[in-house]
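*Asks:* predicted model follows, preceded by the sequence.
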Amino acid sequence: MADFSINLIFGIRFFFVMPYEQLVQLVCDNALKLLNAANIRFRPMRRKNNRVNTKRGYVIGRTNLKTGLITIDIFTPKKREPKKISSILRTLCHEVAHHQKRPFTQRHRGRWIIRRHFPEFYKQVNGNIEILKRDKWLGEYFK
């Protein structure tokens with residue numbers, strides 16, 4: 001269980017105890033609103049047997065450009081402990097940037113390649129992180 005506080009308009013702080021997945025869902029939904037990503041949805045990644053084979057590769061997050069669904073693994077790979085919220089928010093910013101700066105094809109050394117990660121893309125990721133850091137409540141997770 002995670003402690004979570006919400007400030008209301010009148011400055012009253014309420015503390016709730018909620019499951020970790022609900023906390024992450026709430027925080028990521030608020031982050032998507034801040035990033036003006038109305039057509040993008042977030043869902044925590046669910047593992048079939050709750051284990052990850054780190055020898056064969058490990059997917060932190062993925063996005064579907066057609067449906068606008070972003071899934072992020074919110075637990076560490078080996079011990080399956082909850083990740084820090086700031087780590088999840090950074091991954092979310094990366095995945096949202098895929099929707100903001102879409103991949104493109106380019107001729108490179110005589111071959112056609114797909115550019116998914118390029119300098120302007122990483123500027124967009126850093127810009128998204130700065131937007132979240134400037135927020136009153138989400139900025140607390142980056143301190």
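*Replies:* Nice, thanks for sending it over. Numbers count the residues shown, from 1 in each chain.
*Asks:* residue ranges for the helices of the protein, please.
*Replies:* Using DSSP state H, the helices of the chain run over 20-34, 85-100, 119-134.
*Asks:* residues contacting the one residue sitting closest to the centre of the chain?
*Replies:* Residue closest to the average C-alpha location in the chain (CA atoms, centre = their mean): residue 92, at 1.6 Å. For residue 92, the contact set (CB atoms under 8 Å, 6 or more residues apart in numbering) comprises 28, 31, 32, 42, 61, 70, 72. Glycine gets a C-beta too; all of them are placed from N, C-alpha and C.
*Asks:* verify the stated contact: the last one with residue 95.
*Replies:* Yes. Look at residue 72 against residue 95 with CB atoms under 8 Å: they come within range, at 7.0 Å.
*Asks:* what's the overlap in contacts for those two?
*Replies:* Here residue 72 and residue 95 have residue 61 as joint contacts, going by CB under 8 Å, 6+ apart.
*Asks:* for residue 100, give its distance to residue 68.
*Replies:* Going from residue 100 to residue 68 by CB to CB, to the nearest Å gives 12 Å.
*Asks:* and residue 20, how many neighbours?
*Replies:* Neighbour count for residue 20, taken as other CB atoms under 10 Å: 17.
*Asks:* hmm, back to that, write the ChimeraX selection for whichever of the contacts of residue 92 are buried.
*Replies:* In ChimeraX syntax, the buried subset of the contacts of residue 92 is picked out as below (16 or more other CB atoms under 10 Å):
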select :28,31,32,42,61,70,72
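*Asks:* count the residues that sit near residue 49.
*Replies:* For residue 49, using other CB under 10 Å, the count is 5.
*Asks:* any idea how far residue 93 is from it?
*Replies:* To residue 93, residue 49 is 29 Å away according to CB to CB.
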